[in-house]
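> what follows is a protein structure lacking sequence information:
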(Lines give C-alpha, C1' and ligand atoms only; values in the text may rest on other atoms or scores of the structure.)
Protein backbone atom coordinates (compact mmCIF):
# COMPACT_ATOMS: atom_id res chain seq x y z
CA UNK A 1 0.00 0.00 0.00
CA UNK A 2 1.44 3.41 -0.92
CA UNK A 3 1.94 6.08 1.72
CA UNK A 4 -0.89 8.05 0.11
CA UNK A 5 -3.26 5.09 0.51
CA UNK A 6 -2.12 4.50 4.09
CA UNK A 7 -2.70 8.16 4.90
CA UNK A 8 -6.16 8.04 3.29
CA UNK A 9 -7.06 4.84 5.18
CA UNK A 10 -5.97 6.35 8.51
CA UNK A 11 -7.68 9.66 7.78
CA UNK A 12 -10.98 7.83 7.31
CA UNK A 13 -10.93 6.86 11.00
CA UNK A 14 -9.12 9.89 12.48
CA UNK A 15 -10.90 11.81 15.17
CA UNK A 16 -10.21 15.43 15.93
CA UNK A 17 -9.81 17.27 19.20
CA UNK A 18 -10.24 21.02 19.05
CA UNK A 19 -7.74 23.14 20.96
CA UNK A 20 -9.61 25.00 23.71
CA UNK A 21 -7.81 28.22 24.61
CA UNK A 22 -9.97 28.75 27.71
CA UNK A 23 -8.91 25.34 29.04
CA UNK A 24 -5.29 26.16 28.16
CA UNK A 25 -5.46 29.37 30.20
CA UNK A 26 -6.40 27.23 33.21
CA UNK A 27 -3.48 24.89 32.48
CA UNK A 28 -1.11 27.86 32.25
CA UNK A 29 -2.39 29.19 35.59
CA UNK A 30 -1.66 25.81 37.21
CA UNK A 31 1.85 25.58 35.71
CA UNK A 32 2.61 29.22 36.58
CA UNK A 33 1.73 28.59 40.21
CA UNK A 34 3.77 25.37 40.17
CA UNK A 35 6.88 27.05 38.68
CA UNK A 36 6.75 29.73 41.39
CA UNK A 37 6.55 27.10 44.14
CA UNK A 38 8.74 24.24 42.90
CA UNK A 39 11.70 23.55 45.14
CA UNK A 40 10.42 25.84 47.91
CA UNK A 41 8.57 25.18 51.15
CA UNK A 42 5.40 26.19 49.27
CA UNK A 43 5.82 23.25 46.85
CA UNK A 44 2.77 21.21 47.87
CA UNK A 45 1.70 20.02 44.42
CA UNK A 46 0.62 16.43 44.95
CA UNK A 47 -2.71 16.53 43.11
CA UNK A 48 -4.67 18.50 40.56
CA UNK A 49 -5.81 20.89 43.28
CA UNK A 50 -3.27 23.70 43.27
CA UNK A 51 -1.89 25.29 46.40
CA UNK A 52 -4.17 28.30 45.89
CA UNK A 53 -7.16 25.92 45.84
CA UNK A 54 -8.03 25.80 42.14
CA UNK A 55 -9.34 22.49 40.86
CA UNK A 56 -9.83 20.94 37.43
CA UNK A 57 -13.43 22.20 37.40
CA UNK A 58 -12.66 25.72 38.63
CA UNK A 59 -9.77 26.22 36.17
CA UNK A 60 -11.89 24.92 33.27
CA UNK A 61 -14.83 27.17 34.11
CA UNK A 62 -12.70 30.29 34.69
CA UNK A 63 -12.44 31.01 30.96
CA UNK A 64 -15.33 29.12 29.40
CA UNK A 65 -17.98 26.44 29.76
CA UNK A 66 -17.44 22.68 29.90
CA UNK A 67 -20.18 20.39 28.66
CA UNK A 68 -20.04 16.73 29.62
CA UNK A 69 -17.08 14.93 31.14
CA UNK A 70 -13.65 16.40 31.76
CA UNK A 71 -10.39 14.51 32.38
CA UNK A 72 -7.15 16.10 33.56
CA UNK A 73 -3.73 14.65 34.32
CA UNK A 74 -0.53 16.25 35.62
CA UNK A 75 2.94 14.77 35.37
CA UNK A 76 5.88 15.93 37.50
CA UNK A 77 9.40 14.89 36.55
CA UNK A 78 13.01 16.00 36.12
CA UNK A 79 14.21 16.55 32.54
CA UNK A 80 17.48 17.32 30.78
CA UNK A 81 15.49 18.19 27.65
CA UNK A 82 11.88 18.09 26.47
CA UNK A 83 10.85 15.80 23.66
CA UNK A 84 7.30 15.31 22.34
CA UNK A 85 7.74 11.53 22.24
CA UNK A 86 8.81 11.46 25.89
CA UNK A 87 5.83 13.59 26.86
CA UNK A 88 3.44 11.22 25.02
CA UNK A 89 5.08 8.30 26.84
CA UNK A 90 4.16 9.90 30.19
CA UNK A 91 0.53 9.89 29.08
CA UNK A 92 0.58 6.37 27.60
CA UNK A 93 2.43 4.63 30.44
CA UNK A 94 0.95 6.47 33.42
CA UNK A 95 0.43 4.11 36.37
CA UNK A 96 -3.03 3.13 37.55
CA UNK A 97 -6.30 4.04 35.89
CA UNK A 98 -5.36 5.95 32.79
CA UNK A 99 -8.35 7.82 31.42
CA UNK A 100 -6.05 10.30 29.65
CA UNK A 101 -4.21 7.56 27.73
CA UNK A 102 -7.48 5.88 26.80
CA UNK A 103 -8.96 9.19 25.65
CA UNK A 104 -6.05 10.05 23.36
CA UNK A 105 -4.72 6.70 22.18
CA UNK A 106 -7.31 3.95 22.70
CA UNK A 107 -10.31 2.81 20.66
CA UNK A 108 -12.39 4.99 18.40
CA UNK A 109 -15.28 4.73 20.90
CA UNK A 110 -13.06 6.08 23.71
CA UNK A 111 -11.78 8.93 21.55
CA UNK A 112 -15.30 9.96 20.52
CA UNK A 113 -16.13 10.82 24.13
CA UNK A 114 -14.06 14.04 24.01
CA UNK A 115 -13.87 16.95 21.59
CA UNK A 116 -11.68 19.60 23.27
CA UNK A 117 -8.16 19.56 24.65
CA UNK A 118 -5.43 21.75 26.11
CA UNK A 119 -2.10 21.43 27.86
CA UNK A 120 0.71 23.42 29.39
CA UNK A 121 4.26 22.65 30.39
CA UNK A 122 6.65 24.47 32.66
CA UNK A 123 10.08 24.11 34.18
CA UNK A 124 11.64 25.48 37.35
CA UNK A 125 12.37 29.14 36.53
CA UNK A 126 15.76 29.00 38.25
CA UNK A 127 17.06 26.02 36.28
CA UNK A 128 18.61 25.62 32.83
CA UNK A 129 18.62 21.97 31.72
CA UNK A 130 21.82 20.61 30.21
CA UNK A 131 23.39 17.34 29.18
CA UNK A 132 26.56 16.62 31.09
CA UNK A 133 30.09 16.17 29.85
CA UNK A 134 33.22 14.71 31.39
CA UNK A 135 33.92 18.15 32.86
CA UNK A 136 30.39 19.10 33.94
CA UNK A 137 27.49 17.06 35.37
CA UNK A 138 24.00 16.73 33.88
CA UNK A 139 21.60 19.45 34.99
CA UNK A 140 18.04 18.14 35.21
CA UNK A 141 15.19 20.58 35.85
CA UNK A 142 11.92 20.01 37.66
CA UNK A 143 9.17 19.93 35.02
CA UNK A 144 5.37 19.81 35.07
CA UNK A 145 3.06 18.80 32.21
CA UNK A 146 -0.70 19.18 32.57
CA UNK A 147 -3.17 17.88 29.95
CA UNK A 148 -6.94 18.42 29.92
CA UNK A 149 -9.64 16.96 27.66
CA UNK A 150 -13.35 17.72 27.79
CA UNK A 151 -16.38 16.32 26.01
CA UNK A 152 -17.19 19.86 24.92
CA UNK A 153 -15.87 23.32 25.66
CA UNK A 154 -16.85 26.84 24.67
CA UNK A 155 -14.46 29.72 25.32
CA UNK A 156 -15.90 32.60 27.32
CA UNK A 157 -16.51 35.90 25.56
CA UNK A 158 -13.21 37.70 25.13
CA UNK A 159 -11.08 34.53 25.12
CA UNK A 160 -9.31 34.51 21.78
CA UNK A 161 -9.29 31.23 19.84
CA UNK A 162 -5.82 29.92 19.07
CA UNK A 163 -4.81 30.08 15.43
CA UNK A 164 -1.63 29.10 13.63
CA UNK A 165 0.70 31.83 12.46
CA UNK A 166 1.66 31.86 8.78
CA UNK A 167 5.06 30.37 9.67
CA UNK A 168 3.49 27.57 11.72
CA UNK A 169 0.95 26.64 9.08
CA UNK A 170 3.66 26.50 6.40
CA UNK A 171 5.47 23.71 8.29
CA UNK A 172 2.72 21.93 10.21
CA UNK A 173 1.54 19.08 7.99
CA UNK A 174 3.02 16.50 10.31
CA UNK A 175 3.89 12.86 9.67
CA UNK A 176 2.11 10.46 7.33
CA UNK A 177 -1.04 9.21 9.00
CA UNK A 178 -2.42 12.55 10.11
CA UNK A 179 -1.08 12.38 13.65
CA UNK A 180 -0.72 16.15 13.90
CA UNK A 181 -1.95 17.86 10.78
CA UNK A 182 -2.67 21.59 11.06
CA UNK A 183 -4.68 23.55 10.24
CA UNK A 184 -7.86 21.51 10.22
CA UNK A 185 -10.93 23.66 10.54
CA UNK A 186 -11.69 27.27 9.75
CA UNK A 187 -9.98 30.47 10.74
CA UNK A 188 -9.38 30.65 14.47
CA UNK A 189 -9.75 26.92 15.08
CA UNK A 190 -7.22 24.12 15.11
CA UNK A 191 -7.54 20.42 15.66
CA UNK A 192 -5.23 17.52 16.27
CA UNK A 193 -6.16 14.38 14.36
CA UNK A 194 -5.77 11.18 16.37
CA UNK A 195 -5.38 7.96 14.41
CA UNK A 196 -7.38 4.93 15.51
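Everything's here; your move. Remember, it's a predicted structure, so these values are computed and weren't measured experimentally.

> give me the below-cutoff pLDDT ranges for the chain.
1-15, 42, 44, 46, 94-97, 162-196 (pLDDT under 70).

> I'd like the distance between the residue positioned nearest the centre of the chain and residue 157.
Nearest to the mean C-alpha position of the chain, by C-alpha atoms, centre = their mean, lies residue 119 at 3.1 Å. Look at residue 119 and residue 157: by C-beta to C-beta, to the nearest Å, they are 23 Å apart. (Glycine included, C-beta is placed from N, CA and C.)

> okay, buried residues for the longest helix along the chain please.
Counting residues, the longest helix found in the chain (DSSP state H) is helix 21-37. For helix 21-37, a neighbour-count test (16 or more other C-beta atoms under 10 Å) marks 21-31, 33-35, 37 as buried.

> pull the number of nearby residues for the residue lying closest to residue 132 once chain neighbours are set aside.
Nearest residue to residue 132, sequence neighbours excluded (C-beta to C-beta, 6 or more residues apart in numbering): residue 138, at 3.7 Å. Using other C-beta atoms under 10 Å, residue 138 has 11 neighbouring residues.

> and for residue 108?
12.

> the one 10 residues further on now?
For residue 118, the number of neighbouring residues by other C-beta under 10 Å comes to 26.

> repeat for residue 155
For residue 155, using other C-beta under 10 Å, the count is 19.

> hmm, it is touching residue 22, no?
Yes. At 4.2 Å, residue 155 counts as touching residue 22 under the criterion of C-beta atoms under 8 Å.

> identify the contacts common to those two.
63, 64 (C-beta atoms under 8 Å, 6 or more residues apart in numbering).

> for residue 45, state which of the buried residues of helix 21-37 is nearest.
For the buried residues of helix 21-37, the minimum distance to residue 45 (C-beta to C-beta) is 5.4 Å, reached by residue 34.

> could you pull out the strands for the chain?
Assigned by DSSP state E, the strands in the chain fall at 15-19, 64-79, 116-123, 141-155, 191-194.

> out of those strands, the one nearest residue 90 is which?
strand 64-79 (4.5 Å).

> in that closest one, which residues are buried?
Within strand 64-79, judged by 16+ other C-beta under 10 Å, the buried ones are 64, 66, 70, 71, 72, 73, 74, 75, 79.

> could those residues go into TSV alongside distance to residue 143?
Below are the buried residues of strand 64-79 laid out as TSV (distance: C-beta to C-beta, whole Å):
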residue	distance to residue 143
64	26
66	27
70	23
71	21
72	17
73	14
74	11
75	8
79	5
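
> about what we covered before: isn't the residue nearest to the centre of the chain right up against residue 149?
No. Counting by C-beta under 8 Å, residue 119 does not reach residue 149; the two are 9.4 Å apart.

> now for these two: what residues contact both?
In contact with both residue 119 and residue 149: no residue, using C-beta under 8 Å, 6+ apart.

> distance-wise, check the closest residue to residue 68 other than its chain neighbours relative to residue 38.
Nearest residue to residue 68, sequence neighbours excluded (C-beta to C-beta, 6+ apart): residue 151, at 2.7 Å. From residue 151 across to residue 38, the span is 32 Å (C-beta to C-beta).
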